[in-house]
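# Dropping a prediction and its sequence here:
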Amino acid sequence: MARFRWTKEKVQEIANLCKTREEMKKKYSGAYQAAIKKDRLNCIEEIFANHKNQGKTKIEWNQKKAILELTAYSNKKYGKNFYTFEKVIYKGYHKNIEIFCTKHKKYFKMRFHSFLKNQVSCSQCETEKRRKSGFKNKIKAIKDLEKFSDKEYGKGVYTFEKAIYKGVYKPIEIYCTIHKKYFNTTTPHNFKKKSIGCTQCISVKQNKDAIEAIKDLENYSIKKHGINAFTFEKAIYKNALTPIIIYCTKHKKYFNTTNPHNFLQGVVGCPNCLETGFKPNKPAYFYIYGRPDGYLKYGIGENAKTRMKTDCKEAEMLYMIHCEDGKVIQNIENSIKKSKRLITNQAKKDGKFFAGYTETTVKTNKAFNILVDIAENSAIKQGYEVS
C-alpha cells in the first residue's frame, strides 16, 4: 500500500480551515508537522504569510466574531435588524456592550453573554414583554375558572365577563345565571375549592346537605332500631356535633340530648330508652385502658373489660379500681374531670370522635401516672383503701 504524503497544496487547504497556527497544530497535527520540518515541506511561514487572518490580532478577530454571533442570534430571535451592533466594542464575555433598539430608537447597555441568554435589557421592550405575558396569564386564569365552573356546576351556570383577574387570593366578579346577580365574595382559589360565593347558591347547597344528613339518620334509625322507632320531623341539621330534636315513638316524647354524630355511634339520647347507664348504688369499676391510636381512655362502669372491648377491640387494659359503692367510683371520675393537671378530653380537642372520646388524654407514662394519682387520692379521701 502506497504511503500518504503531504503536499504543499494540501497543507494550504488545511491551513485555510484554521484561524491561527495554534488551531492548526491542535486539530491537524499531521499537516502541521509536515509543514514545519525542514527535511519535509518546510513551508509554514510561507503558508501563513498569505493566510486570510494573517496580521489580525486576537482582539480584532474576537470583535468580528462577536458581532457576527450577536447579529445571527438577534436576527433569528427577534427578526432582521431589530437590534443593531454598530457601537459594539468586544472586551470580554462578561463585559458590557452597547446595543441599538430600532423599535424604540435608543441605545442600551448590557453584558455580552446576557444578550445571548435572552435577557434583553431594553427597558421598554422588557415592559412590553411583561405586560403581554401578564395579560396572557390573566386570560388563561379566567378560562381555567370557566372550564372548572362548566365541569363542576354545569355549562353556563356561572359566567366571568366582568371578572378582572388580579391574583389567586383577590376577589373577582362572577355572574350567577340561576339567581340573575353578580357577586364578588369569593376568590379564584376559593372558587376552585367549591366555596362558591353566591349566597343564594350556598343556602340551597346547605339545605340539600341538611336534607341528605337527615335522610342518613332516618335510614340508620330504621336499620338499627326499626321502622318509626325514632322520627326527625323537627330535626334541624346544622352540623354533626350540634344537638338535634328527635321524637321517640315508644315513649311519646321529644328529646335533644344527642347529636347526629353520637346518634350514628349508637348513643340514642332518649333518657327512657337507655337500657344501660351508670348506677351509683351498685358496685362499679374505674378503669384506664390504652388505645392503639395514642390515647388513654378512662371511665367508669359495672364491667370494665366488657366496656373496653365494646369501645375498642384493640385496646389494652392498664389499670382498674373496683368498689362496692358506685358513688366512690363516680366521684373519682369527677375528680379527674375537674383536675387541671392534664387535658382530660384530648381526643375532642384533636377533632377525633369515637365512643368515649370526651374522657381521653395523651398516651404517655406521665399522663398515666397523673390519672392513677388523682384516682387513688380521691378514693383515699372518701375512706376507700386502694389495694
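Okay, I see it.

# Quick check: Lys87 touching Phe108?
No - in this structure, Lys87 is not within contact of Phe108 by CB atoms under 8 Å, at 10.9 Å. Placement of C-beta: from N, CA and C, glycine included.

# any common contacting residues for those two?
Contact criterion CB atoms under 8 Å, 6 or more residues apart in numbering; residues shared by Lys87 and Phe108: Glu98, Ile99.

# Low-confidence stretches in the stretch 51-200 of the chain?
The model of the stretch 51-200 of the chain has pLDDT under 70 over residues 51-61, 120, 133-136.

# how about the strands in it?
With DSSP state E, counting those that start in this stretch as the criterion, the stretch 51-200 of the chain has strands at 83-84, 96-101, 106-111, 158-159, 174-176, 181-183.

# now the ones you listed in CSV, with distance to Lys37?
Shown next, in CSV, are the strands of the stretch 51-200 of the chain (distance: least, CB to CB, whole Å):
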stretch, distance to Lys37
strand 83-84, 48
strand 96-101, 44
strand 106-111, 45
strand 158-159, 86
strand 174-176, 85
strand 181-183, 91
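
# Compare the ones you listed and give me the one nearest Asn228.
Comparing these against Asn228 with CB to CB, the closest turns out to be strand 174-176 (40.4 Å).

# Look at Met317 and tell me its secondary structure.
strand (DSSP: H, G, I helix; E, B strand; the rest coil).

# Report how many residues lie close to it.
Counted with other CB atoms under 10 Å, residues neighbouring Met317 total 13.

# returning to that earlier point: make JSON lines from the strands of the stretch 51-200 of the chain and add mean neighbour count and distance to Glu146 to it.
Formatted as JSON lines, those follow (neighbours: other CB atoms under 10 Å; distance: least, CB to CB, whole Å):
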{"stretch": "strand 83-84", "mean neighbour count": "19", "distance to Glu146": "39"}
{"stretch": "strand 96-101", "mean neighbour count": "18", "distance to Glu146": "38"}
{"stretch": "strand 106-111", "mean neighbour count": "14", "distance to Glu146": "40"}
{"stretch": "strand 158-159", "mean neighbour count": "20", "distance to Glu146": "8"}
{"stretch": "strand 174-176", "mean neighbour count": "20", "distance to Glu146": "10"}
{"stretch": "strand 181-183", "mean neighbour count": "15", "distance to Glu146": "16"}
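
# Phe148 is nearest to which of the ones you listed?
Closest among the strands of the stretch 51-200 of the chain, once you apply CB to CB, is strand 158-159, at 9.5 Å.

# Distance from the chain centre to the closest one, please.
Mean-position distance between strand 158-159 and its chain equals 27 Å (CA atoms, centre = their mean, to the nearest Å).

# Just the buried positions in the longest helix seen in the chain, please.
Ranked by residue count, the top helix of the chain under DSSP state H comes out as helix 123-153. In terms of neighbour count (16 or more other CB atoms under 10 Å), helix 123-153 has its buried residues at Cys125, Ala141, Ile142, Leu145, Glu146, Ser149.

# Tell me how many other residues surround the closest residue to Cys248 other than its chain neighbours.
Nearest non-adjacent residue to Cys248, counting by CB to CB, 6 or more residues apart in numbering: Cys270, 4.3 Å away. Here the number of neighbours of Cys270 (other CB under 10 Å) works out to 18.

# Over to Asp216?
Asp216 is flanked by 14 other residues according to other CB under 10 Å.

# ok, it to Ala240 distance?
11 Å (CB to CB, to the nearest Å).

# Next: Tyr384.
Counting by CB to CB, the gap from Tyr384 to Ala240 is 40 Å.

# And those two? Which one has more around it.
Ranked by neighbour count (other CB under 10 Å), Tyr384 and Ala240 place Tyr384 first, with 18 against 13.

# what's across from Val362 in the sheet?
Listed by DSSP bridges, the beta-bridge partners for Val362 are Tyr295.
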